[in-house]
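1. I need the structure of the sequence given here:
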Amino acid sequence: NYHGAVPLVSYTVSDGVSSDSSTLSISVTPVDDKGVAGIDSNTTLEDTAVSGNVLDNDRDIDSNLTVAGFSVDINGDGTTESFTAGQTATINGVGTLTLGSDGGYIFAPAGNWSGAVPAVTYTTNTGTSATLNIDVTPVADKPALTINNYQTVASMNFEDVALPSQGYSETIQINTISGTSTVGTWSTWNGSGYVEVGKEGIYQGGSSSNKVMEIEAATGDKTLYADIQVEAGRFYELDFDVAARNGHIASSGMSVSLVKLDASGNPVTGSSVVLYTFSPTDSSWHNVTENWTAEASGTYRLIFTSTDSGNSYGALLDNITFSAVENKGYENSFFSLGDINTALTDTDGSEELAVEISGLPVGAVLKDGAGHELTVGTNGKLDVTGWSLTTLQIQVDQPGNYTLTVTSTSSEVVNGSVVDSDSSQANFTITVLDVANFTDANEVVTMAEDGVLGGSVLTGTSSIEGAVTVSSFSIGGGSYAAGQTATVANIGTLKVNADGSYVFTPVKDFNGPVPTVNYVVTDGKTTDASTLNITVTAVEDTPVSYSSGNSGAYWLMNYTSNANEFDMKVKNGTMTLAVGESLHWDILVTDSDQNATLTLINKSLPSGATLSSERLYAENGEVMLRVYLTVTGNSAITLSQDNQFTIDVNGASGKALLINSDEYVGVHPNNEYDYSTQFDNGNASQWDDTDWLSSNVRGGELATSSSSQTGQTVSYGNGEDIAYGATGGDSLSGGADNDFIDGRAGNDTLHGDTGNDVVLGGHGNDTLYGDAGNDYLDGGRGSDALYGGSGNDVLKGGADSDTLVGGAGNDTLTGGTGIDTFKWALGDAGAVGSAARDSITDFKAGVGGDVLDLKDLLQGENSSNLSNYLHFDKDAAGNAVVQISSSGNVVGGFDQAITLEGVKLSDLGAGDANIINNLLANGNLKVDL
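-> Alright, predicted model coming up:
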């Protein structure tokens, strides 16, 4: 790149003879070489300016380089704008760039901005160009974080009251007081709104000028109150100073209470809670602190009330403060945490915010007002990102002080990856107070059918925290607030009041267990759940009523022996039989081939009366047939002597006897019969016995007589026995062979023993055992317990609520009216592949329906594994079938099946789990949970 004059060259030439000297002058003409400009790059952190020189890596051999100008896209529209050296380019949203002619530059990024700065192209004085690239590395900004935990709702220390010169006044209009020491509006219950405020020294002696209020039961200032707004779940603290007036201790009683107000500002009945009662024994000052947790949001009235006898002296009040105290509450109850306020300081969208709370007690439950809720695990931490942090509530089951740490973290995220983060932390302490927990015992009560039951679920229940009340109750799948009336279809109505009193009214003729009543009680700070179980015992209705005649109406039977015909009618008045009710008569027929039948002839019965019969028993040349007169119409029937029917016995080889009825039957005087000639009256033998155990066997006393009878105890031996009990409570055992036993009236215990027996309970609450053999058991009227035993038995509960246990074998069960319980035990089941198969002919599902009691059949069941024991299917006729594995492996087969005749599978639910839940919820399934 040299140019200019070359030093003079002197030279000498010679031709060999002579020589000559000369010079050579050379000049190099300059040629301009192209300069070289290099690409410049620089990096800086977010919010940090960066500088450099673009000419440091540029060169031009022929010139001294300078920057003539530069260009950059400042609007983000793809078009560059030009600037001369020394100007400042403001790049919208990115920052500012100044590039001098000497190549020096300064770039200042916009606040919180990061990324690649638009490329800067600069041009030198020689015309060469190059680019400057600057990258701003993101830096996470520490987020803002504050925690609030205290708010004064109402306060009054009376220092804002202006007093006259005498130092006290009885005409202070308290609702006009305001100032730095007064929060809220305070009032009193009198026409003028006056209270008495004065200097402490006037009331207590001495010279204290501290201002206090005297609250007294005189007509001016018996009360002081303020209306306040509270939020559900928040913890509130009342703090005040109180003293008895010197010399008037007995007149200085006072109480403090809270009462909820309705929308019109009126107190809600039953909502008052007493926070404190002042019963002084001296005149010293007492600082009082009382805590309260709001169960419901709304307006409450804080009331200070004098409790003295009405004179003009009373307690002294000062320094009243009612505050919403965050981070403090009772164990096992939700209370509010202080407002957590946190936010990103970099709001350009490049950062994300995460919030975590640590130090939480294990097992605590944290929730917010937006529906989030989590339980604290063993690490004591919860991620609450995205939660409503100003509505947090916590429930802790252990009292104590717990220090919690809130960590708020901002993260710079680029292409889904965190490139930088920073955190702010704040600690706060929550205080969990101990509660003297109270418990309310479960109630179990019994009442008679068609009565009204009243009582209290809170008898004997108390709490040192305050009055215990009922807040809510549930029954039959419905939930109710205290004071509401629940109506359970086909069962009755129940009202449970807040004070614990209740009234249950069953529907007419209902008997059996009422669905369990679950109720919640509270002392204002803690709650307890209890149950009320009501059982309605059956009271035998009188299906029949008689009018009075000359000697009382009764059934008259006229027997024609040569035709084996019984002519039946009401005598000496009328008889009325209710809808759906029936009467029966037993006919014992002597018949060698045991094929005798009956023909029933309706001579003059009214419309709605139906005659029918069934064969109960046939053994040893004797047949027992039962005739029924049933009201099948829609209204009761009334019978008189003009309404007759006859019973004709067909195919008998001997005579027939009308030997039993559930109503009094008198025989026609022309056919008076001494039944002792036919029955041996309880002398049991090892042969075939026919016993009439009633004390009156003459004149056809076939039902309960007006005089009471003592029950009989007889154990029959071998032979086919026929036994009718007395009208008292009998204990009869049939012994071996095939027996017929009817307990008739009274609460009887009847055993068929071995053989294929017929056991009838009759009237009363009876216990029937079929024992071995294929037996027929009918409980009749009353709440009966029927046990089939081994064999394929037929069990009928009859009227009212009964318990039916088929036992081993394949049994047919009919509950009849009332809520019936069908029960199985482990020994009743068969085996997989040869399961026992029982049928229920009239199972009623739903609330108030029948019950499948599988507690003693299932082994090891619990609330989460019942689907291992029970599977629900249907048979060819569409009846629902319960398939049961007593060991909990129903997928491998079942050892007990129960067919619910007339019940569709879809009526029970959809799928095993749903059906199980429905049956449990409705009280139709009883298992060990």
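2. for the protein, longest strand please?
-> Secondary structure of the chain per DSSP state E: the longest strand is strand 417-433.
3. For that strand, which helices and strands make contact with it?
-> strand 144-147, strand 328-330, strand 400-414 (3 or more C-beta pairs under 8 Å, 6 or more residues apart in numbering; DSSP states H and E). Heads up, the C-betas are built off the backbone N, CA and C, glycines and all.
4. now could you export just the CA positions of the first one as PDB?
-> Read that as strand 144-147. Below are the C-alpha coordinates for strand 144-147, written out as PDB (Å, rounded to 0.1, in the frame of the first residue of the first chain):
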ATOM      1  CA  ALA A 144     -44.100  -7.900  45.500                       C
ATOM      2  CA  LEU A 145     -45.400  -9.700  48.600                       C
ATOM      3  CA  THR A 146     -47.300  -8.500  51.700                       C
ATOM      4  CA  ILE A 147     -49.400 -10.200  54.300                       C
END
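5. ok, then the element right after it?
-> strand 150-156 (DSSP states H and E).
6. Any buried residues in that next one, and which?
-> Neighbour counts over strand 150-156 (16 or more other C-beta atoms under 10 Å) mark 153, 154, 155, 156 as buried.
7. that older thread, okay, the helices and strands packed on strand 417-433, which one's buried deepest?
-> Here the criterion is mean neighbour count by mean count of other C-beta atoms under 10 Å, and of those the winner is strand 328-330, at a mean of 24.
8. Parallel or antiparallel, which strands does that strand pair with?
-> strand 417-433 (parallel) (DSSP bridges).
9. by how many degrees do the strand it pairs with and strand 400-414 diverge?
-> 170 degrees (axes from the mean of the first three to the mean of the last three C-alpha atoms, to 10 degrees).
10. how long is stretch 589-604 end to end?
-> Taking C-alpha to C-alpha, to the nearest Å, stretch 589-604 runs 26 Å from one end to the other.
11. who wins for proximity to residue 837 among the helices and strands packed on strand 417-433?
-> With C-beta to C-beta, the closest approach to residue 837 among these belongs to strand 328-330: 56.1 Å.
12. Tell me where the stretch 651-800 of the chain has strands.
-> For the stretch 651-800 of the chain, strands defined by DSSP state E, counting those that start in this stretch occupy the ranges 656-661, 665-667, 690-692, 713-715, 722-724, 731-733, 740-742, 749-751, 758-760, 767-769, 776-778, 785-787, 794-796.
13. Pick out the shakiest of those strands, pLDDT-wise.
-> Sorting the strands of the stretch 651-800 of the chain by mean pLDDT places strand 690-692 lowest, at a mean of 56.
14. From the contact counts, what lies against the helix or strand that contains residue 854?
-> Assessed by DSSP H and E, residue 854 sits inside strand 851-856. Judged by 3+ C-beta pairs under 8 Å, 6+ apart, strand 851-856 is in contact with strand 821-825, strand 925-926.
15. Would you mind pulling the contact partners of it?
-> 513, 819-826, 843, 869, 882, 884, 898, 919, 923-928 (C-beta atoms under 8 Å, 6 or more residues apart in numbering).
16. Throw together a ChimeraX command that grabs the buried residues out of these.
-> With 16+ other C-beta under 10 Å as the criterion, this ChimeraX line picks the buried residues out of the contacts of strand 851-856:
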select :513,819,820,821,822,823,824,825,843,869,882,884,898,919,923,924,925,926,927
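17. Parallel or antiparallel, list what pairs with the helix or strand just after the strand holding residue 854.
-> Counting by DSSP H and E, the element after strand 851-856 in chain order, helix or strand, is strand 870-874. Under the criterion DSSP bridges, strand 870-874 sits next to strand 879-884 (antiparallel) in its sheet.
18. Report the angle between the partner strand and strand 851-856.
-> Put simply, strand 879-884 runs at 20 degrees to strand 851-856, going by the same axes, to 10 degrees.
19. okay, the angle between the following helix or strand past strand 879-884 and strand 851-856?
-> Next helix or strand after strand 879-884 toward the C-terminus (DSSP H and E): strand 896-904. Inter-element angle recorded for strand 896-904 and strand 851-856: 160 degrees (by the same axes, to 10 degrees).
20. Which other helices and strands does the helix or strand just after strand 896-904 contact?
-> Following strand 896-904 in sequence order, the next helix or strand is helix 905-908 (DSSP H and E). Counting contacts by 3+ C-beta pairs under 8 Å, 6+ apart, helix 905-908 is packed against strand 870-874, strand 879-884, helix 912-921.
21. what's the second one in contact with?
-> To tie it back to what came earlier, the one meant is strand 879-884. 824, 829, 835, 852, 854, 857-858, 869-875, 890, 894-905, 907-908.
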